[in-house]
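# Curious how this folds, go ahead:
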Amino acid sequence: MLIVGLGVGGARYFIRSRKPPARKPTRKLAPLVEVTRLAKREIQMIVKGYGTVSPTVRVELIPEVPGKVVYVHPQLKVGGVIGAGEKILGIDPRDYELAVEQAEAAVAEAEMRLETEKAEGEVARKEWEALHPGQEPDSMLVLRIPQIRRAEAALESARAQLATAKLRLERTTVSLPFDALILEERVDVGQYVVAGQALGVACGIESVEIEVPLEDGDLAWFDLADQRAVINTGKSGDYTMAEVWADFAGSRHSWQGRVVRIAGQVDRTSRMVPVVVEVAQPFDGSAGGVALLPGMFVEVLIQGRILKDVFAVPRDAIRQGNKVWVVEDGRLRIRTPEIVRADKDFAYVVSGLEDGVDVVLSSLDTVVDGMEVRTVAAGEAGGGGTSEGLSGGSGAIE
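Below is the predicted model:
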């Protein structure tokens, strides 16, 4: 019993004399944010737009005289290319050759009649002078002047008819004054055609155009050629350059173009301003490229003005339209910089930020100006596998 009593007493002593475990204060971790460091630089503004390629020159092949088609150029088919001045179509010329011969005969007859009238007039003058020396006749009929004038008019008419006959004979051959790509064809040998009948469609291969709808604010970032100066002087002047890109045949291709003019009116529905970009030699594939064909949908990058001492801020870092979160000495600060332009990827800031500033790319649920944050450089956040991670979710002020 004595031993039991001593054990119970000792246990009570130790229970009463034990100290509670020391409490360690919990350390709150500041949110971890992804940042990128900005630096001032010189940036060329790029105005992006989209459009469809269309021919600069597009004509319909229409005969001016009727007749049977006796010749068709071998390249008169969709996709064929025909050189400038080459014979595209030939209409049976025999009727028109006969008409020329008849007109030539009529001219010869009119010339003979005129010569006859002039000779008779000369005889009449000599007879008058022999009978009435020193006197002028009272009437022009005496010297056959009206008859001579009528013969001259008949000769001019015959010559005009000959010129018309030759012109119609020339029109039995259809050609174009420029190298042409055939877009449509609706004729064959032996077919009878009439004047004004559309037999095909061709376009010039020297250049194509792309009409790019842009917002009116985009026009401030590049120079447009002075169209009035072009009209007055006939000189093209300096043009703003552009790059044309298209996905075609399984790869991406580019062509060089230039902004040549602005369309005559603003689109009534979209209120966009169409700007015309011209690409020269679009069918030249000698460098291993492909042809820029009419109808292709393309992306156009217009080379705009150059801004100096400007920040290119990623669009993910722009909050509430014009605010930016920056990190200074471990604390998050809210700034409202001056944004002069924004595109799909960046907003361009000219003032309101310091060179070398760290801009926050992450989203936060709650943001207070001056709150403590931890930072990680952009591109490094996903590599550590840390349990703390990045603060996610849709931020309250996004």
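# Please parse this protein into its domains.
Per the record, the chain has its domains at 32-41+308-377, 48-56+206-306, 60-92+172-205, 93-170, by automatic domain parsing.
# can you give me the helices for the stretch 1-150 of the chain?
In the stretch 1-150 of the chain, the helices defined using DSSP state H, counting those that start in this stretch lie at 2-17, 94-131, 145-170.
# helices and strands around the second one, which ones?
For helix 94-131, the packing partners by 3 or more CB pairs under 8 Å, 6 or more residues apart in numbering; DSSP states H and E come out as helix 145-170. Glycine gets a C-beta too; all of them are placed from N, C-alpha and C.
# Can you give me the buried ones in the helix it packs on?
145, 147-148, 151, 154-155, 158-159, 161-162, 165-166, 168-169 (16 or more other CB atoms under 10 Å).
# how about those in TSV, adding distance to residue 105 and pLDDT?
Output for the buried residues of helix 145-170, formatted as TSV (distance: CB to CB, whole Å; pLDDT from 0 to 100):
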residue	distance to residue 105	pLDDT
145	27	79
147	22	84
148	22	83
151	16	88
154	14	92
155	13	93
158	9	94
159	12	95
161	11	95
162	9	95
165	11	96
166	14	96
168	17	96
169	15	96
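# Just the closest of the residues you listed to residue 50, please.
residue 168 (47.7 Å; CB to CB).
# how about the helices of the stretch 151-300 of the chain, start to end?
Counting by DSSP H, counting those that start in this stretch, the helices of the stretch 151-300 of the chain are 227-233.
# what's the longest strand in this protein?
strand 297-314 (DSSP state E).
# How much space separates the nearest residue to residue 182 once chain neighbours are set aside from residue 189?
Residue nearest to residue 182 in three dimensions, not counting chain neighbours: residue 80, with 4.6 Å by CB to CB, 6 or more residues apart in numbering. For residue 80, the distance to residue 189 equals 16 Å [CB to CB, to the nearest Å].
# before we move on, back to that, mind listing what's buried in the longest strand of the chain?
298-304, 307, 310-313.
# what's the most distant pair in the residues you listed?
298 and 311 (30.7 Å).
# Could I get the full set of strands for the stretch 151-300 of the chain?
173-174, 180-185, 192-193, 200-204, 207-214, 240-248, 251-262, 273-280, 297-314 (DSSP state E, counting those that start in this stretch).
# Which strands or helices does the fifth one pack on?
For strand 207-214, the helices and strands in contact under the criterion 3+ CB pairs under 8 Å, 6+ apart are strand 41-55, strand 273-280, strand 297-314.
# residues of the second one that come out buried?
Of the residues in strand 273-280, those with enough neighbours to count as buried (16+ other CB under 10 Å) are 273-279.
# just those residues now: which is nearest residue 116?
Once CB to CB is applied, the member of the buried residues of strand 273-280 that ends up nearest residue 116 is residue 278, at 62.4 Å.
# hang on, the earlier thing: include pLDDT and distance to residue 224 when you put the buried residues of strand 297-314 into TSV, please.
Formatted as TSV, these follow (pLDDT from 0 to 100; distance: CB to CB, whole Å):
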residue	pLDDT	distance to residue 224
298	95	20
299	95	20
300	96	15
301	95	16
302	94	10
303	93	13
304	91	11
307	90	19
310	94	23
311	93	28
312	93	25
313	94	28
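# okay if I get the residues you listed as CSV plus distance to residue 58?
Shown next, in CSV, are these (distance: CB to CB, whole Å):
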residue, distance to residue 58
298, 18
299, 23
300, 20
301, 26
302, 24
303, 28
304, 30
307, 39
310, 43
311, 46
312, 41
313, 45
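# Now do the same contact list for the residue nearest to residue 182.
73-74, 181-182 (CB atoms under 8 Å, 6 or more residues apart in numbering).
# mind running it again at 10 Å?
By CB atoms under 10 Å, 6 or more residues apart in numbering, the residues touching residue 80 are 73-74, 88, 180-183, 185, 202.
# Same question for residue 257.
By CB under 10 Å, 6+ apart, the neighbours of residue 257 are 207-210, 212, 239-244, 276-280, 282, 292, 298, 300-302.
# swap in residue 336?
319-324, 352.
# Which pLDDT value belongs to it?
According to the prediction, residue 336 has pLDDT 93.
# Tally up the residues packed near residue 267, please.
Neighbourhood size, residue 267 [other CB atoms under 10 Å]: 11.
# Dump the C-alpha coordinates for stretch 319-327 into CSV.
These are the backbone C-alpha positions of stretch 319-327, laid out as CSV (Å, rounded to 0.1, in the frame of the first residue of the first chain):
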residue,chain,number,x,y,z
ARG,A,319,-6.6,45.8,-65.3
GLN,A,320,-9.9,47.7,-65.5
GLY,A,321,-8.9,49.0,-69.0
ASN,A,322,-6.1,51.3,-67.9
LYS,A,323,-4.6,50.2,-64.6
VAL,A,324,-1.4,48.2,-63.9
TRP,A,325,-0.1,46.4,-60.8
VAL,A,326,3.6,46.9,-60.1
VAL,A,327,5.8,45.5,-57.4
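# How far does stretch 92-99 sit from its chain's centre?
Relative to the centre of its chain, stretch 92-99 is centred 46 Å away, using CA atoms, centre = their mean, to the nearest Å.
# Name the residues of that stretch that come out as buried.
93, 96, 99.
# returning to that earlier point: among the contacts of residue 336, which one lies nearest to residue 337?
The closest of the contacts of residue 336, once distances to residue 337 are taken by CB to CB, is residue 352, at 3.0 Å.
# wait, what's in contact with that closest one?
Contacts of residue 352 (CB under 10 Å, 6+ apart): 311, 322, 324, 335-339.
# and residue 335, what does it touch?
Taking CB under 10 Å, 6+ apart as the test, what residue 335 contacts is 319, 322-326, 328, 349, 352-354, 357, 359, 369.
# Most neighbours among the contacts of residue 80, which one is it?
Neighbour max across these (other CB under 10 Å) = residue 180, 29 neighbours.
# ok, what's across the strand from the residue nearest to that one when sequence neighbours are not counted?
In space, and not counting its chain neighbours, residue 180 is closest to residue 202: 4.0 Å by CB to CB, 6+ apart. Here residue 202 sits in beta bridges with residue 59, residue 182, as judged by DSSP bridges.
# I appreciate the help and will end here.
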